[in-house]
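[1] Sequence first, then the predicted structure, then my questions.
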Amino acid sequence: MPKILRPREMNKCLGCFSCMTVCAATGQKNHSLVKSAIKIRTTGGMDSSFIAIVCLACQEPACMEVCPSDALELRDGGGVLLVPDKCIGCRQCETACIMRAVNFDEETKKPIICRHCGICARFCPHDCLQMVEASEV
């Protein structure tokens, strides 16, 4: 059964960015936080908590529907997978995502989209992220 990424217990998040670092290193072969498919942000100010901006693994993804080159394919369990050779870098997927979870790589001119691989959850030192069965959502 396919799994999808979900934030949990974000009140424990310290903002260490381990999840973002390992995501960028694994998915983009780069250690820059801007290359991560997951984003950790504060809810505002130095004393506030952190939130995780992640792909919701939509069953009918708006990002895929607006793609004029069919570069996004439905992923088993929800969400999409990018076919880089088909992508024309139009950024329509980025603006279509209601969660703002599609990030754009200015170097490659391609979107960075979560594949729900779970590497970020495995490297979170406080278990703030989890992989859940897609059927449970």
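    The structure has been received and is ready for your questions.
[2] can we go C-alpha only for contacts and neighbour counts from here?
    Fine.
[3] State the pLDDT value of the residue of the chain most remote from its centre.
    Within the chain, residue 47 marks the point farthest from the mean C-alpha position, 25.2 Å out by CA atoms, centre = their mean. Residue 47 carries a pLDDT score of 77 in this model.
[4] Check the one 4 residues further on too.
    If you check residue 51, the pLDDT there is 96.
[5] That one and residue 86, how far apart?
    32 Å (CA to CA, to the nearest Å).
[6] Please identify which of the two sits among more neighbours.
    Between residue 51 and residue 86, counted using other CA atoms under 10 Å, the more crowded position is residue 51 (19 against 12).
[7] who does residue 51 bridge with?
    For residue 51, the beta-bridge partners are residue 41 (DSSP bridges).
[8] correct me, but it touches residue 40?
    Yes: counting by CA atoms under 8 Å, residue 40 is a contact partner of residue 51 at 5.7 Å.
[9] List the buried residues in stretch 19-37.
    19-24, 27, 31, 33-37 (16 or more other CA atoms under 10 Å).
[10] now for the helix ranked longest in the chain, which elements pack on it?
    The residue-count maximum for a helix in the chain (DSSP state H) belongs to helix 18-28. When contacts are defined as 3 or more CA pairs under 8 Å, 6 or more residues apart in numbering; DSSP states H and E, helix 18-28 sits against helix 119-123.
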